[in-house]
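>>> What would the 3D arrangement of this be:
(one chain, ligands or ions: 1)
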Amino acid sequence: MTQTTQDTAPAAEHPHAAQVRTLLILGASGDLTGRLLLPGVARLVATGGAPGVHVVGAGSDGWSQEQWRQRVEDAAAGAADDAGDDGKSALKDLAVDTSYHRLDVTAKGELPELLRSLEGPVAVYFALPPAVSQKACEVLTAEDLPAGTRLVMEKPFGSSEDSARELNRTLASLVPEDHIHRVDHFLGKSTVFNILGLRFANRILEPLWDNNHIDKIEIIFDEDLALENRARYYDKAGALRDMIQSHLLQILAVIAMDAPATLNERDVRDGIAAVLRASSVRGPYARSTRRARYTAGQLGDRSVPAYVDEDGVDPANDTETLAEVQVSVDNWRWAGVPFILRSGKALGSARKEAVITFKAVPHLPVGLKGIDRPTSLHIGFGPDRLELEVDVNGPGDIFTLDRVSLEADLSGSKLLPYGEVLEGVLTGDPLLSVRGDTAEECWRIVDPVLAAFKAGTVPMDEYAAGSGGAADWPARR
Ligand code: NDP
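You can find the predicted model right below:
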């Protein structure tokens, strides 16, 4: 039997772990830190979400203290407009009370020495290239880490089921599983809670939420951005690895899970893991999956070159920019219902939603005409929205059915996605972090598809940048 991280992890500490005092960001000069992490921290601080936390930067660059402080100050300035007096004062402290340390995280002893000098508990954020993060963890030992240390790992977490398991083993030898935060910033707290609240606080939905009443579920993440100078990362990843392997499978699991008894991390993450264990993509992959790559086109008023002509792209990598997979969830509730996950870049319009399509009614009273589509429920992400499309009688002809849409905005978060992630890290709540066994399951689900893509079993279709996708793919709506 496969041993999972759950089997190997040291016993968890008390569920209400101590508030983190220092956030140590490794990779302080990097893109993630500047563009997403520090703005996320700043907004969190501005809303009173991280009282007394110090941010410390570290990296291999010889940055001056002033350069780093300026980076933190810029992030603080970006969050100041919406902050009250307390928030403004906390943002000021954030930028004053920070420091930068030069170190090579892969050199034995350098990171432990820095950790010993910081006020604990410390959360160590690995905003580093994945191979460097892995190496950094391999040179650490449990004794190097002060009590209460939390490790925050970015995606991609490994590159296959085997490598994710190996990385899990390394991490499990350092800290307990509930001190490991595998980040998936799409799993924002408000999005997860919005789906769970909608499903489990409304009696009209849950009795219909199964294969007796639901025909199919589509989870779509279409981006209207092209490569945007990210070839170094994306050309080795592609749409399947970048989006479907992580974010979309997590959303699938929240939509398909059984009702948790509580919203604590154990109940919610157990529910997510149970769905993913039951999930797979069935072959033949030329039927259950699709892939395509954009050709030159127009995104709004911008001309976009073909993907293979973008700077830094190596056509030999054969990278897809649009992928679609049909996932089967083989349990009592979902057997027979296709979950279609699609994501891609350079599409004509951005679309981020799950569409739950119900089965047609078993009998339409004779005399009523014109059901055009079965009832469908759209759950939009970022901003979170709800749209229920139903058929109602006419205007004009009362015997003819028309389509109407009932719409509502769901609650958003005051925080940026990375602020939501960091709030969990700093308060010691792993609810929104991907659990070790789940990270392995996600790779187990997509590994055979990646192999089929690599072997060329699934044809590479094309679509013009700015279009709705490959012409002969089924329309998703
Ligand atoms: P960058 O290449 O921009 O930054 C990497 C950072 O790591 C640099 O500051 C670099 O410093 C530092 N570094 C590299 N080697 C060492 C070392 N041996 N010791 C100390 N520091 C080192 O990468 P990103 O910021 O884009 O990505 C970081 C992580 O976040 C990756 O895992 C990525 O997959 C993930 N991610 C990134 C997103 C993004 O939008 N950027 C989005 C989601 C996830 P130096 O330049 O001096 O070497």
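
>>> what about the residue of the stretch 1-150 of the chain at minimum distance from the ligand, distance to Glu310?
Here the stretch 1-150 of the chain gets closest to the ligand at one residue, Gly30, 2.4 Å apart by C-beta to the nearest ligand atom. Any C-beta I mention is one placed from the backbone N, CA and C, and that applies to glycine too. As judged by C-beta to C-beta, to the nearest Å, Gly30 and Glu310 stand 21 Å apart.

>>> neighbour-wise, which of those two wins?
Neighbours were counted for Gly30 and for Glu310 using other C-beta atoms under 10 Å; Glu310 has more, 20 against 16.

>>> Nearest residue to the residue of the chain most remote from its centre in space, ignoring adjacent ones along the chain?
For the chain, the largest distance from the centre (C-alpha atoms, centre = their mean) belongs to Gly367, which lies 47.4 Å off. Distance criterion C-beta to C-beta, 6 or more residues apart in numbering; nearest residue to Gly367, sequence neighbours excluded, is Phe399 at 5.9 Å.

>>> Leu364 is in contact with the one you found, correct?
No: the criterion here is C-beta atoms under 8 Å, and Phe399 misses it with Leu364 at 11.1 Å.

>>> Per-residue pLDDT of the closest residue to the ligand within the stretch 151-300 of the chain, please?
Closest contact between the stretch 151-300 of the chain and the ligand, by C-beta to the nearest ligand atom, is at Glu154 (3.8 Å). Here, the pLDDT recorded for Glu154 equals 95.

>>> now swap in Arg477 and tell me
With respect to pLDDT, Arg477 has a value of 71.

>>> Quick check: the gap between it and Thr141.
Distance from Arg477 to Thr141, by C-beta to C-beta: 53 Å.

>>> Over to Ile244?
35 Å.

>>> again with Thr375
Counting by C-beta to C-beta, the gap from Thr375 to Thr141 is 57 Å.

>>> can you check Ser29 too?
Counting by C-beta to C-beta, the gap from Ser29 to Thr141 is 27 Å.

>>> What of Glu223?
Applying C-beta to C-beta to Glu223 and Thr141 gives a distance of 41 Å.

>>> ok, these two, which is more surrounded?
Glu223 (19 against 11).

>>> I'd say that one and Gly348 touch.
No: at 10.7 Å, Glu223 does not count as touching Gly348 under the criterion of C-beta under 8 Å.

>>> Can you give me the buried ones in the lengthiest helix in the chain?
Longest helix in the chain, counting residues (DSSP state H): helix 436-455. The neighbour-count check on helix 436-455 (16 or more other C-beta atoms under 10 Å) flags 436-447, 449-450, 452-453 as buried.

>>> ok, the residues you listed vs the ligand, which is closest?
Nearest member of these to the ligand, counting by C-beta to the nearest ligand atom, is Ala439, at 13.8 Å.
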